[in-house]
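J.: sequence and computational prediction follow.
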Amino acid sequence: MSSVASASGSLRSDAKVIGLIGIGHCLSHLSQFIIPSLFLFIKDDFGVSYSALGFSATLMFATAGLLQVPSGFLVDRFGGKPVLVCGLLMVTTGLVLAGLAPGYWSFTAAMIFVGAGNSVFHPADFAILNARIAVARIGHAFSVHGIGGMIGYASSAPLMLALASAFGWRSAAIGAGVVGILFALLLASQGELKGGGTTAKQSAATDEVAQGMRTLLTGPVLMCAGFFVLSSFSLISLQSFAVPVMVNVYGVSIAAASAALSGYLVGSIAGMFGGGFIVSYKRFGVIAGSSIVISALVLLGVALSDFKATGLLIAMLVAGFFVGLMNPSRDTIIRQIAPVKSRGKVYGFVYSGLDIGAATGPLIAGWLIDHGEPRMIFVASAVTLFLSAFTLMELSGKKAKPE
């Protein structure tokens, strides 16, 4: 693996950078579900349908996906830190504006603002980590980054529902925004976060964009984007519909189904921690791909079984663990195929695949349920994971072309 020349910090400096970026990534994922977690309260306040609220959430995710590549270009030009701070300020300001919104359309505009801010995190985070963290610790940096995001996903609903029940949904949203603004100001004061951005004399803007697009349209980068579409299809489909499917098909209680889904998320976190050690092995891509296959087989077993509460909990825990195990390897492979001066835009482009998978997964999963095939959600998740595993293995030996 190649590294940026400046990626030679001390253990203390690296730990600080990894911790700050991990917390920022947690806030990013948390912010994506802060408002959707409050829809039960917002619906009654605005007097709108769940479809209308779902439309505002779709606009948020679509905005984040569309702007990830432009954010990557900005990161490669100006560096990760200023783009990250600006993005976080946009997210948190959007949350405050959502909490203050007098009506549905101003609320929806605030959601778009949140989505725009969220577009910067992946390209900025990885530009900083790749530039500042020693190669020996890069796998652990990717591990903590992924764990932070998963904690944000897992904690959003219980945290925000508790705050909204105690103080009202508007106070909960505004409070979350204020906390994020304070953290953004903290990041702005940290000199260790400088990283990314080109030091060479800039070419004409049109030439820079053209060269950047040629980089993004290479085979390995497109395969990486495809991997994210496939893997996020599985994750978001399960996160959206696993609970009602388990309740209606397997006859378990809502509490048991929720515990099984939580087991999947907790297992993913544990797997990400272990995955940080895998990248030190020469054939880490094959190991990571094999772990995805195991997860796919477990989900296929769930689809074909009649598990009850305990069986579902164990199966989902195991499936989540082996999916999480591959995450640091995935990010390391992107590091290898991305030219050093184009890492921001490459990470932004491939991670936009997450939003494509997030947008299409629930649509297809909902269609399967409506047509009397709820178990097929687990089958579809298993199939997409199988395909993503072979994509990951194919990419594991690729290297970036010299710039």
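T.: It's in.

J.: quick one: the helix or strand harbouring Phe73 to chain centroid distance?
T.: Following DSSP states H and E, one finds Phe73 within helix 50-78. Distance, stretch centre to chain centre, for helix 50-78: 12 Å (Cα atoms, centre = their mean, to the nearest Å).

J.: and it, average pLDDT?
T.: Average pLDDT, helix 50-78: 85.

J.: check which helices and strands it sits against.
T.: helix 11-34, helix 39-46, helix 80-100, helix 104-118, helix 121-132, helix 205-216, helix 343-370 (3 or more Cβ pairs under 8 Å, 6 or more residues apart in numbering; DSSP states H and E). To be clear about C-beta, it is placed using only N, CA and C from the backbone, and glycine gets the same treatment.

J.: could I get those helices as JSON lines with distance to Gly54 and mean neighbour count?
T.: Listed next are the helices and strands packed on helix 50-78 as JSON lines, based on distance: least, Cβ to Cβ, whole Å; neighbours: other Cβ atoms under 10 Å:
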{"stretch": "helix 11-34", "distance to Gly54": "13", "mean neighbour count": "21"}
{"stretch": "helix 39-46", "distance to Gly54": "8", "mean neighbour count": "16"}
{"stretch": "helix 80-100", "distance to Gly54": "15", "mean neighbour count": "23"}
{"stretch": "helix 104-118", "distance to Gly54": "11", "mean neighbour count": "21"}
{"stretch": "helix 121-132", "distance to Gly54": "23", "mean neighbour count": "29"}
{"stretch": "helix 205-216", "distance to Gly54": "30", "mean neighbour count": "14"}
{"stretch": "helix 343-370", "distance to Gly54": "9", "mean neighbour count": "22"}
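
J.: lowest-confidence stretch among those?
T.: Of all the helices and strands packed on helix 50-78, helix 205-216 has the smallest average pLDDT, which comes to a mean of 67.

J.: pull out the buried positions in the next helix or strand after that helix.
T.: Next along the chain after helix 205-216, taking DSSP H and E as the criterion, comes helix 219-250. The neighbour-count check on helix 219-250 (16 or more other Cβ atoms under 10 Å) flags 220-221, 223-243, 245-247, 249-250 as buried.

J.: elements contacting helix 219-250?
T.: Using 3+ Cβ pairs under 8 Å, 6+ apart, helix 219-250 is in contact with helix 254-278, helix 309-325, helix 327-337, helix 343-370, helix 376-395.

J.: relative to helix 50-78, how tilted is that helix?
T.: Orientation check (axes from the mean of the first three to the mean of the last three Cα atoms, to 10 degrees): helix 219-250 against helix 50-78 gives 150 degrees.

J.: pLDDT (mean, whole number) over helix 219-250?
T.: pLDDT averaged over helix 219-250 gives 83.

J.: what angle sits between it and helix 121-132?
T.: Using the same axes, to 10 degrees: helix 219-250 against helix 121-132 is 130 degrees.

J.: now find how far off-centre helix 219-250 is within its chain.
T.: Chain-centre distance of helix 219-250: 12 Å, with Cα atoms, centre = their mean.

J.: stretch 216-235 too?
T.: The mean C-alpha position of stretch 216-235 is separated from the chain mean by 13 Å, Cα atoms, centre = their mean.

J.: same question, stretch 281-290
T.: For stretch 281-290, the distance to the chain centre is 21 Å (Cα atoms, centre = their mean).

J.: give me the buried positions along it.
T.: Phe284, Gly285, Val286, Ile287, Ala288, Gly289, Ser290.

J.: quick one: contacts of it?
T.: Contact partners of stretch 281-290, identified using Cβ atoms under 8 Å, 6 or more residues apart in numbering, comprise 275, 278, 325-326, 329-330, 332-333, 389-390, 392-393, 395-397.

J.: just among these, which is most surrounded?
T.: Counting neighbours by other Cβ atoms under 10 Å, Gly275 leads the contacts of stretch 281-290 with 32 neighbours.

J.: what's the closest non-adjacent residue to Leu27?
T.: Distances taken as Cβ to Cβ, 6 or more residues apart in numbering put Gly180 closest to Leu27, at 5.6 Å, once the chain neighbours are dropped.

J.: now Ile181
T.: Leaving aside its chain neighbours, Ile181 sits nearest to Thr92 (4.6 Å; criterion: Cβ to Cβ, 6+ apart).

J.: against Leu74, how distant is the one you found?
T.: Distance, Thr92 to Leu74, using Cβ to Cβ, to the nearest Å: 19 Å.

J.: next: Gly275.
T.: Distance from Gly275 to Leu74, by Cβ to Cβ: 29 Å.

J.: likewise for Leu395?
T.: Taken as Cβ to Cβ, the span from Leu395 to Leu74 is 26 Å.

J.: swap in Trp169?
T.: With Cβ to Cβ as the criterion, Trp169 and Leu74 are 33 Å apart.

J.: and Ala136, by the same measure?
T.: Per Cβ to Cβ, Ala136 is found 29 Å from Leu74.

J.: in terms of neighbours, single out the busier of these two.
T.: Neighbour count, other Cβ under 10 Å: between Ala136 and Leu74, Leu74 has more, with 25 against 13.

J.: still on that earlier bit, out of the contacts of stretch 281-290, who's nearest Gly47?
T.: Distances from Gly47 to the contacts of stretch 281-290, taken as Cβ to Cβ, are shortest for Arg330 (43.2 Å).

J.: ok, the closest one touching Phe227?
T.: Yes. Contact criterion Cβ atoms under 8 Å: Arg330 and Phe227 qualify, at 7.2 Å.
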